[in-house]
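> here are the coordinates; sequence isn't available:
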């Protein structure tokens, strides 16, 4: 019985020794690449495992001949007594082990924790073998006692007790040190898994990512770079990515992409904008301006939607650093907000005016025009008086270096903000524009006259003569917008162009009427009606044809309907009642609640008197509320008084001829 038990336990212990040795070696090799915080604990585990291995090998019967010689030298009774004592000692140790399970479980879990941590930091997945090897560090507790001399039994017992006491004493003494090391290792591991911080800057890798993005031939390559290194992207790389996408997506607006490609592109843009929102705390003023410009250009491609929350968050993070903006960045920021059609808060605008007042003297001529036009585009109110006075004074000194188109943009910005400069400043600007009329194009010329009309500044006669002489040569190159805006400005300033200019205007506008929108038709016709000008019949015929074609745009638009009706009435278009009914129906409005539901017309009353003053005949019917202009108010009384006065003068006329001449 003793022999069978000893042989089976020896074979099992030899297998356990082999596994333990392999696991110890693996733990040693793994700990070589671990962090410094767990190095001391791993060294202690390896040392104790080595001691246990030596103790275990000391208890194994490696040479059967030696065990046989030893057994022959002993007596049977002494051998049985020693074996029984060894078995009792082993059972006692097993009982002590069962009495202290919590300490052994804590030590085993602590060793598992450090083993897993070291393997994660060395980028090696934790295997089942490593976990089993670490958790089986207590394999030496099950070693059976072999038939050796009493002295060897005493030595093994002493080494066992010393190892057990060393294990628990070291575990209790260094608990605080181990907990601190474990916390530090956990923090290092968490930082490694989460990636770099938001303001993490690696100049070499950052330049490499930016170079890869800029060299991408299409947005697919940009997406590949982003998906591979998105966890290393900082706010500068994201700004570079958006800027590259704006240049790559411009051709997509001309050629419509496939539905799947468009869906993937929009998903990629949403991911990039989401990353920008997460990196927002690390943005500075210059990077914020670049992001605003890229986002405004992306909106023009119609691949993303406006996100006011993202823009507000970006502006709030830029607010403390507005004083660090450069002049070019200031102009770019205002122009980007105009493209986004986003109106910042009043506090943010006040902060911008206060921080940028020192940059005004450093603005270039083109930047002055961009700043004024951008402020007008974001629907902001008039700026501070001191800030505006400084800008106008600086602009007046830069007029010689300013290009003609920038002059027009500057005047348009002031007109949109409803700012009326001083007369001296306006005269200086108009003189500078007059000297460069030959360098201006059709758009700049029409914008200059529109801005002056909007501000209510009437130029002198020499300036107007130069303007009309210049535009006479450029009427053939004007588009529909410029032709309609030019006529509106002439009407607003109540000017009277010469016949040569009007003939050329009608000829050029008639050739381009097919490119007019409904707004252009209404604006041009209304301006001509207010000036009292009647176009040629060919122009009028084409004008009416286009109105019937585009009448669907009048739906619920009273302003356009009024302008069109005023123009047609002034042009003396025949059968005006039909036109009113058609246009009112297209706009979705009713003329009147007709009493006669069969004819759906209102019969106008015939005025009484010796002679009928009804211009359309006694039996004609008039549409609209204001057919006669008679009412129960004072305006009707004045009309009745005028009619009586005319009748009184008719009595002094000579017969029927006077009546015919009057009619």
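Arrived safely. Just so it is clear, the structure is predicted and the values come from calculations on it, not from any experiment.

> where's residue 276, which helix or strand?
With the criterion set as DSSP states H and E, the secondary-structure element containing residue 276 is helix 259-278.

> what's that helix in contact with?
Contacts made with helix 259-278 from outside it, assessed by Cβ atoms under 8 Å, 6 or more residues apart in numbering, are listed as 198, 219, 223, 226, 230, 233, 235, 238, 241-242, 245, 249, 252, 257, 291, 295, 298, 303-304, 307, 310, 313. (Each C-beta comes from the backbone N, C-alpha and C, glycine too.)

> tell me the mean pLDDT over it?
Helix 259-278 carries an average pLDDT of 93.

> likewise stretch 385-400?
For stretch 385-400, the mean pLDDT works out to 94.

> quick check: buried residues in that stretch?
When burial is assessed from 16 or more other Cβ atoms under 10 Å, stretch 385-400 yields the following buried residues: 387-388, 390-392, 395, 398-399.

> in the helix holding residue 276, what's buried?
Of the residues in helix 259-278, those buried under the neighbour-count criterion (16+ other Cβ under 10 Å) are 265, 268-269, 272-273, 275-276.

> from the residues you listed, which is closest to residue 537?
Each of these was scored against residue 537 by Cβ to Cβ, and residue 265 proved nearest at 52.7 Å.

> from residue 212, how far off is that closest one?
When Cβ to Cβ, to the nearest Å is the yardstick, residue 265 and residue 212 sit 19 Å from each other.

> now residue 234
In this structure, residue 234 and residue 212 are 14 Å apart, going by Cβ to Cβ.

> more neighbours, those two?
Relative neighbour count places residue 234 above the other of residue 234 and residue 212, with 21 against 18, counting by other Cβ atoms under 10 Å.

> the more buried one contacts residue 206, doesn't it?
Yes: counting by Cβ atoms under 8 Å, residue 206 is a contact partner of residue 234 at 6.4 Å.

> can you mark which positions in stretch 522-537 are buried?
When neighbours are counted by 16+ other Cβ under 10 Å, the buried residues of stretch 522-537 are found to be 522-531, 533, 535.

> and for it, what's in contact with it?
483-485, 487-488, 490-491, 496, 502, 506, 509-510, 516, 540, 543, 560, 563-564, 566-572.

> quick check: mean pLDDT across that stretch?
So the average pLDDT for stretch 522-537 ends up being 95.

> assign a three-state SS to the closest residue in space to residue 456 that isn't next to it in sequence, would you?
Excluding the flanking residues, the one nearest residue 456 by Cβ to Cβ, 6 or more residues apart in numbering is residue 420, at 6.9 Å. For residue 420, the reduced secondary structure class is coil; criterion used: DSSP: H, G, I helix; E, B strand; the rest coil.

> who's in contact with residue 344?
Residues touching residue 344, when contacts are defined by Cβ under 8 Å, 6+ apart, comprise 315, 337, 352, 378, 380.

> secondary structure class for it?
Residue 344 falls in the coil class when you classify it by three-state DSSP.

> ok, it to residue 379 distance?
In this structure, residue 344 and residue 379 are separated by 10 Å, where distance is defined by Cβ to Cβ.

> helices of the stretch 151-300 of the chain, residue ranges please.
Listed in chain order, the helices of the stretch 151-300 of the chain (DSSP state H, counting those that start in this stretch) span residues 175-194, 203-214, 219-229, 235-248, 250-254, 259-278, 285-300.

> okay, the ones you listed in JSON lines with distance to residue 430 next?
Output for the helices of the stretch 151-300 of the chain, formatted as JSON lines (distance: least, Cβ to Cβ, whole Å):
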{"stretch": "helix 175-194", "distance to residue 430": "63"}
{"stretch": "helix 203-214", "distance to residue 430": "45"}
{"stretch": "helix 219-229", "distance to residue 430": "48"}
{"stretch": "helix 235-248", "distance to residue 430": "38"}
{"stretch": "helix 250-254", "distance to residue 430": "38"}
{"stretch": "helix 259-278", "distance to residue 430": "45"}
{"stretch": "helix 285-300", "distance to residue 430": "33"}
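
> and those: which comes nearest residue 467?
helix 285-300 (33.0 Å).

> go through that closest one and flag the buried ones.
Neighbour-count burial for helix 285-300, with 16+ other Cβ under 10 Å as criterion, is recorded at 285-299.

> next structured bit after it?
Note on helix 285-300: by DSSP H and E, the next helix or strand toward the C-terminus is helix 308-318.

> so which elements touch the helix or strand that that following helix is followed by?
Past helix 308-318, heading to the C-terminal end, the next element that is a helix or strand (DSSP H and E) is helix 327-340. The helices and strands touching helix 327-340, judged by 3 or more Cβ pairs under 8 Å, 6 or more residues apart in numbering; DSSP states H and E, are helix 285-300, helix 365-377.

> format those helices as TSV; extra columns: mean pLDDT and distance to residue 439.
As requested, these are exported to TSV (pLDDT from 0 to 100; distance: least, Cβ to Cβ, whole Å):
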stretch	mean pLDDT	distance to residue 439
helix 285-300	93	29
helix 365-377	94	14
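
> any chance of these in TSV, plus distance to residue 403?
What follows is the helices and strands packed on helix 327-340, written out as TSV (distance: least, Cβ to Cβ, whole Å):
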stretch	distance to residue 403
helix 285-300	22
helix 365-377	7
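
> looking at those, which is nearest to residue 328?
With Cβ to Cβ, the closest approach to residue 328 among those belongs to helix 365-377: 6.6 Å.

> which neighbouring elements make contact with that closest one?
Based on contacts counted as 3+ Cβ pairs under 8 Å, 6+ apart, the elements that helix 365-377 packs against are helix 327-340, helix 385-397, helix 404-416.

> show me what contacts the closest residue to residue 378 other than its chain neighbours?
Leaving aside its chain neighbours, residue 378 sits nearest to residue 337 (4.7 Å; criterion: Cβ to Cβ, 6+ apart). Residues touching residue 337, when contacts are defined by Cβ under 8 Å, 6+ apart, comprise 292, 296, 343-344, 374, 377-378.

> out of the residues you listed, which is nearest to residue 584?
The shortest approach to residue 584 among the contacts of residue 337 belongs to residue 377, at 35.6 Å (Cβ to Cβ).
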